[in-house]
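[1] Just a sequence and a predicted model for now, questions to come.
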Amino acid sequence: MQAVIEASFQQVDIALGPPENVVALCGKHSREKCADCDINFMSLNQVSRLLHMNPTLRCPPPPQMVTQKLSQAVNSTKDEGNALFKNGQHGAAIQRYTMAANLAIQRPPWEMQSLMRDELSMNLSNRSAAYFEAGDYLSALVDAEVVIQLKRPWSKGYFRKSKALVKLEQFQDAKETIEAGLVYEADNQVRSEWHFRPW
């Protein structure tokens, strides 16, 4: 095994960068990602920075470990957004959902990615609804599309996208979107009614 490793080993010229020399850079250009040198240290540096910011953490914990404080922050910020949304304060709700989404994507890379996707898709779905109610149908459409990419089998993303497309007068696209969503949740009454609506 050692012979195989040594046969395929290729020395790479690296430099160390700030903060405190914890970041790997290409030696020639001092870049994290360098097309000229065909080097990409971005994933390695992400873990390195996280370990540097948490000096008591000697190695990444197992993937089933979840940062409870981060989960609480995401959920409480989302709940604040929900309360604002119900009170018709859509602009403030959008800010809260954006903050919750930003918190969700800060999960360390060793935590379950499905948790981050669930939190992010929920907050973007809520933000899509808030954009829709605020009359910003294009932003509602963009968020709904991201929700579909993050969580394809969840029909809510398709429903939000379809509603935005109707307001943008893209009726055929709206109908096709609802049909795609009904594949995952055929018995959903509200979305089924949208499907059979005369456009």
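    Received the coordinates, thanks.
[2] In the protein, spot the helix with the most residues.
    The single longest helix within the chain, with elements called by DSSP state H, is helix 113-134.
[3] quick one: contacts for the closest residue to Met122 other than its chain neighbours?
    Residue nearest to Met122 in three dimensions, not counting chain neighbours: Lys78, with 6.8 Å by C-beta to C-beta, 6 or more residues apart in numbering. Where C-beta positions appear, they are placed from N, C-alpha and C, glycine not excepted. By C-beta atoms under 8 Å, 6 or more residues apart in numbering, the contact set of Lys78 is Arg96, Tyr97, Ala100, Met122, Asn123, Asn126.
[4] Which pair of those spans the longest distance?
    Arg96 and Met122 (12.7 Å; C-beta to C-beta).
[5] need the helices for this protein, in chain order.
    2-8, 42-53, 68-86, 90-104, 113-134, 137-150, 155-167, 171-182, 189-195.
[6] Using PDB, write out the CA atom coordinates for the third one.
    So the one you mean is helix 68-86. C-alpha atoms of helix 68-86 as PDB (Å, rounded to 0.1, in the frame of the first residue of the first chain):
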ATOM      1  CA  GLN A  68     -28.100  22.800  19.400                       C
ATOM      2  CA  LYS A  69     -27.500  26.500  19.900                       C
ATOM      3  CA  LEU A  70     -27.500  27.000  16.100                       C
ATOM      4  CA  SER A  71     -30.700  25.000  15.700                       C
ATOM      5  CA  GLN A  72     -32.400  27.100  18.400                       C
ATOM      6  CA  ALA A  73     -31.200  30.300  16.700                       C
ATOM      7  CA  VAL A  74     -32.500  29.200  13.300                       C
ATOM      8  CA  ASN A  75     -35.900  28.200  14.700                       C
ATOM      9  CA  SER A  76     -36.400  31.200  16.900                       C
ATOM     10  CA  THR A  77     -35.500  33.600  14.100                       C
ATOM     11  CA  LYS A  78     -37.900  31.700  11.700                       C
ATOM     12  CA  ASP A  79     -40.600  31.900  14.400                       C
ATOM     13  CA  GLU A  80     -40.100  35.700  14.600                       C
ATOM     14  CA  GLY A  81     -40.500  35.900  10.900                       C
ATOM     15  CA  ASN A  82     -43.700  33.800  11.000                       C
ATOM     16  CA  ALA A  83     -45.200  36.100  13.700                       C
ATOM     17  CA  LEU A  84     -44.300  39.200  11.500                       C
ATOM     18  CA  PHE A  85     -45.800  37.500   8.400                       C
ATOM     19  CA  LYS A  86     -49.100  36.800  10.200                       C
END
